[in-house]
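# Predicted model, plus sequence, below.
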Amino acid sequence: MNKTIDFYYDYVSATSYLAWTQLQGLCERTGACINYKPILLGGVFKAANNISPMTIPAKWEWFKKDLERHAAHYGIPYQLNPHFPFSSVNALRGAFWAQANDRLEDYNRAMFTAAWAEGKDLSSKEVLEKVLTVAGFNAADVMEAMTQQENKTALIEATQAAAERGIFGAPSMVVEGELHFGQDRLQWVERALS
């Protein structure tokens, strides 16, 4: 039986984007599969009494350079989103619609690429509509789903469940009950899967 990676992420997290770009290859090498777990990072931070690296100026300056280093190492498109920190609430609510409709892989690709390769403001409904349309979604359907109580509740419950599991930031990856935090820990994820 293949092992599973529980991948906790938020589109507002650049490190979640970096991890996401590498997970598919990791799964191909190990035969693992990904169990996507979209969460509201701000809610997890609040529950864990954690803070964003951007609140500490020296750490934020280092962090921005580290993001660039990793993107170059991975050979992926990346830019610091000029709208950061943007609200990802609607995009995350849409992820639950995408999950229910078996389109989450495509949806993640659209949202992560828009945010961290193209620097788009995912807090803008107009931008979200364009991103969805370009990605081949019926934007009206997905935008409507973002307003539905079931998807609002799903995001709240997923965030609470993550906090209860001990998730304190994103990306977080859990393999067989063991937590690996940060995109720079993917080598440990791969070892856990081997």
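Here it is on my side, so go on. Numbers count the residues shown, from 1 in each chain.

# Off-centre distance for the helix or strand bottoming out on mean pLDDT in the chain?
Within the chain, confidence by mean pLDDT, DSSP states H and E is lowest for helix 41-48 among all helices and strands, at a mean of 90. Using C-alpha atoms, centre = their mean, to the nearest Å, we find the averaged C-alpha position of helix 41-48 to lie 14 Å away from the chain's own average C-alpha position.

# Tell me which other helices or strands that helix touches.
Identification of packing neighbours for helix 41-48 by 3 or more C-beta pairs under 8 Å, 6 or more residues apart in numbering; DSSP states H and E yields helix 149-165. C-beta here means a position set from N, CA and C on the backbone, and glycine is covered the same way.

# Name the residues that touch the helix it packs on?
Judged by C-beta atoms under 8 Å, 6 or more residues apart in numbering, the contacts made with helix 149-165 from elsewhere in the structure are 8, 37-40, 43-44, 47-48, 89, 92-94, 96-97, 145, 172, 174.

# Show me what counts as buried in it.
Of the residues in helix 149-165, those buried under the neighbour-count criterion (16 or more other C-beta atoms under 10 Å) are 151-152, 154-155, 158-159, 162-163.

# could I get that helix in CSV with only the CA atoms?
Presented in CSV, the C-alpha positions along helix 149-165 are these (Å, rounded to 0.1, in the frame of the first residue of the first chain):
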residue,chain,number,x,y,z
GLN,A,149,-21.7,28.1,3.8
GLU,A,150,-20.5,24.6,3.3
ASN,A,151,-17.2,25.8,1.9
LYS,A,152,-16.8,28.5,4.6
THR,A,153,-17.4,25.9,7.2
ALA,A,154,-15.1,23.4,5.6
LEU,A,155,-12.2,25.9,5.7
ILE,A,156,-12.9,26.7,9.4
GLU,A,157,-13.1,23.0,10.4
ALA,A,158,-10.0,22.1,8.4
THR,A,159,-8.0,24.9,10.0
GLN,A,160,-9.2,23.9,13.5
ALA,A,161,-8.4,20.2,12.8
ALA,A,162,-4.9,21.2,11.7
ALA,A,163,-4.3,23.2,14.8
GLU,A,164,-5.6,20.3,16.9
ARG,A,165,-3.1,18.0,15.1
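
# Next secondary structure after it?
In the C-terminal direction, the helix or strand that comes right after helix 149-165 (DSSP states H and E) is strand 172-175.

# Show me how far the helix or strand that that next one is followed by is from its chain's centre.
Sequence order places strand 178-181 as the next helix or strand after strand 172-175, per DSSP H and E. How far strand 178-181 lies from its chain's middle: 15 Å, per C-alpha atoms, centre = their mean.
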